[in-house]
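J.: here is a sequence together with a model predicted from it:
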Amino acid sequence: MQRLYDFLRRHPTGVDSFWAVLFFGVSMLNVVGIEGSKTWRLAMVPAVLALSTAVALRRKWTQGMFWVTLGAGIYQLVLGAEAGVYDFAMLVILFTVAASEVPRWVSRTALGWGLAAAPLYALRFGVDKGTSDADTVLFTIFMIVPFVLAWVMGDSLRTRRAYYAQLIERNQRLEKEREAQAKVAVAAERARIARELHDVVAHNVSVMVVQADGAAYVMDVAPEQAKEALQTISGTGRQALAEMRRLLGVLRTGEPQESEDYVPQPDVEQIEVLVEQVRAAGLAVDFEVEGAPRRLPSGVELTAYRIVQEALTNTRKHGGPDAKASVRLVYFDDGLGLLVEDDGRGAAHELYEDGGADGAGHGLIGMRERIGMVGGTLDAGPRPGGGFRISALLPLKKR
């Protein structure tokens with residue numbers, strides 16, 4: 001049954017043609033049954049044929065079939081043909097014009113001719129039959145009603161179709177917006193994971209390289225120091241692998257996995273552990289905390305940890321062999337302040353100009369992106385007297 005219904009919807013002209021053939025047959029029987037001469041009946045054939053053709057092609061050439069129907073109606077008035085079954089086609093065409101996507105002036109013109117049809121018919125035949133004025137008025141009103149109903153029903157259908165089309169278009173637009181938002185979210189997540197991997201690899205590999213160089217240098221003269229350096233390398237490598245497993249687990253499943261091989265995201269409390277690791281790698285670091293420590297939003301804590309980690313990594317890379325660094329955490333009522341300074345020779349100017357726009361300063365770019373995600377501010381650059389300074393303010397609530 002559904003296949004038949006779909007077939008009929010795909011071939012509207014064929015369906016209309018079928019009904020037009022039946023309509024032509026019934027209309028001709030009506031013409032034969034009306035009293036009149038043979039010549040009059042033959043003269044009615046073109047009108048019935050025109051109305052049947054309009055019914056058959058009403059959805060294919062709506063506007064053209066309206067004019068054909070109008071011509072057939074005028075032809076009947078001139079011929080003096082009384083209303084019959086064949087005039088039902090006028091209601092069908094009026095409904096079709098009102099329901100179709102034709103210009104509005106065509107629809108209003110069809111309504112106007114529909115309203116005029118009954119009065120014209122009354123003037124043409126009422127006077128000849130000698131009916132009273134009251135009968136003529138009542139007949140006219142009675143005949144106007146079907147034309148008005150046909151147009152109102154068609155226009156209502158047209159409005160519903162337009163509303164339904166708007167709903168479909170809106171749903172499609174919303175679907176495209178959801179897809180675009182999903183792509184943006186995926187890109188943002190990839191960028192976040194890329195920053196995490198950069199921080200993990202850059203920091204831990206830097207520590208491992210420094211320890212490996214130190215172990216190689218003192219291997220023969222101080223085996224115990226070399227052993228400690230190798231232990232530091234081992235511990236740093238395990239920590240880096242654990243963090244990388246956590247990130248890769250998120251990539252594979254979309255959610256962090258609970259396992260002994262995975263570690264939680266770093267927070268502010270682990271900054272002191274980070275400082276100790278850096279000290280063990282040979283960089284002198286002063287660490288100071290001001291204010292009352294308290295739990296902060298996870299995003300703020302992770303951002304603070306990564307900024308300190310990146311800043312100390314940059315100090316080891318660019319500060320020189322005798323550089324010293326200081327890390328200062330300040331707890332405010334509405335946020336967390338970070339200040340990381342060193343007295344080394346500092347990075348080249350291109351690395352921090354415009355956030356490392358030349359592609360070499362990815363660490364500073366990552367800092368700015370992290371700060372932006374939590375609504376904070378970052379100031380990075382050389383400090384007076386030499387060295388490098390990174391100052392950040394992380395608010396408790398995103399601005």
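T.: All right, it came through fine. Numbers count the residues shown, from 1 in each chain.

J.: in the chain, which helix is the longest?
T.: Ranked by residue count, the top helix of the chain under DSSP state H comes out as helix 133-218.

J.: now for it, which elements pack on it?
T.: Where contact means 3 or more Cβ pairs under 8 Å, 6 or more residues apart in numbering; DSSP states H and E, helix 133-218 is packed against helix 88-99, helix 104-129, helix 223-253, helix 271-280, helix 298-318, helix 362-373. Where you see a C-beta, it was placed from the backbone N, CA and C, and this is true even at glycine.

J.: weakest of these in terms of mean pLDDT?
T.: Mean pLDDT per stretch puts helix 223-253 lowest among the helices and strands packed on helix 133-218, at a mean of 70.

J.: tell me what angle that helix forms with helix 133-218.
T.: If you take axes from the mean of the first three to the mean of the last three Cα atoms, to 10 degrees, helix 223-253 sits at 160 degrees to helix 133-218.

J.: packing partners of helix 223-253?
T.: Checked by 3+ Cβ pairs under 8 Å, 6+ apart, helix 223-253 has helix 133-218, helix 271-280 packed alongside it.

J.: return the most buried member of the ones you listed.
T.: helix 271-280 (a mean of 18; mean count of other Cβ atoms under 10 Å).

J.: counting by contacts, list what that one packs against.
T.: helix 133-218, helix 223-253, strand 284-290, helix 298-318, strand 324-331.

J.: other residues contacting the third one?
T.: When contacts are taken as Cβ atoms under 8 Å, 6 or more residues apart in numbering, the neighbours of strand 284-290 outside the stretch itself are 271-272, 275, 278-279, 312, 324-331.

J.: determine which two of these are furthest apart.
T.: Lys324 and Tyr331 (24.4 Å; Cβ to Cβ).

J.: still on that earlier bit, from the contacts of strand 284-290, pick the one nearest Leu120.
T.: Tyr331 (91.1 Å).

J.: Leu4: how many residues sit nearby?
T.: 8 (other Cβ atoms under 10 Å).

J.: so where does it fall, helix or strand?
T.: Here Leu4, judged by DSSP states H and E, is contained in helix 2-10.

J.: before we move on, back to that, can you redo the helices and strands packed on helix 271-280 as TSV with distance to Gly64?
T.: Formatted as TSV, these follow (distance: least, Cβ to Cβ, whole Å):
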stretch	distance to Gly64
helix 133-218	17
helix 223-253	63
strand 284-290	86
helix 298-318	67
strand 324-331	81
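
J.: and of these, who's closest to Ile93?
T.: helix 133-218 (8.8 Å).

J.: now the angle from that closest one to helix 298-318?
T.: 40 degrees.

J.: mean confidence score for stretch 26-37?
T.: On average, the pLDDT along stretch 26-37 is 80.

J.: how distant is it from the center of its chain?
T.: 63 Å (Cα atoms, centre = their mean, to the nearest Å).

J.: buried ones in it?
T.: Using 16 or more other Cβ atoms under 10 Å as the test for burial, stretch 26-37 gives Val26, Ser27, Met28, Val31.

J.: next secondary structure element downstream of the strand or helix carrying the last one?
T.: In this case it means Val31. Using DSSP H and E, Val31 sits in helix 12-33. Per DSSP H and E, helix 12-33 leads on to helix 38-56 as the next helix or strand towards the C-terminus.

J.: packing partners for that next one?
T.: Helix 38-56 sits against helix 12-33, helix 62-79, helix 88-99, with contacts defined as 3+ Cβ pairs under 8 Å, 6+ apart.

J.: how about the second one as PDB, C-alpha atoms only?
T.: In PDB, the C-alpha atoms belonging to helix 62-79 read as follows (Å, rounded to 0.1, in the frame of the first residue of the first chain):
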ATOM      1  CA  THR A  62      -1.300  25.900 -12.600                       C
ATOM      2  CA  GLN A  63      -1.300  29.500 -13.800                       C
ATOM      3  CA  GLY A  64      -2.000  28.600 -17.400                       C
ATOM      4  CA  MET A  65      -4.900  26.200 -16.500                       C
ATOM      5  CA  PHE A  66      -6.500  29.000 -14.400                       C
ATOM      6  CA  TRP A  67      -6.700  31.200 -17.500                       C
ATOM      7  CA  VAL A  68      -8.100  28.300 -19.500                       C
ATOM      8  CA  THR A  69     -10.800  27.700 -16.800                       C
ATOM      9  CA  LEU A  70     -11.600  31.500 -16.700                       C
ATOM     10  CA  GLY A  71     -12.000  31.400 -20.500                       C
ATOM     11  CA  ALA A  72     -14.300  28.400 -20.300                       C
ATOM     12  CA  GLY A  73     -16.500  30.100 -17.700                       C
ATOM     13  CA  ILE A  74     -16.800  33.200 -19.800                       C
ATOM     14  CA  TYR A  75     -17.600  31.000 -22.800                       C
ATOM     15  CA  GLN A  76     -20.500  29.400 -20.800                       C
ATOM     16  CA  LEU A  77     -21.900  32.800 -20.000                       C
ATOM     17  CA  VAL A  78     -21.900  33.900 -23.600                       C
ATOM     18  CA  LEU A  79     -23.400  30.500 -24.700                       C
END
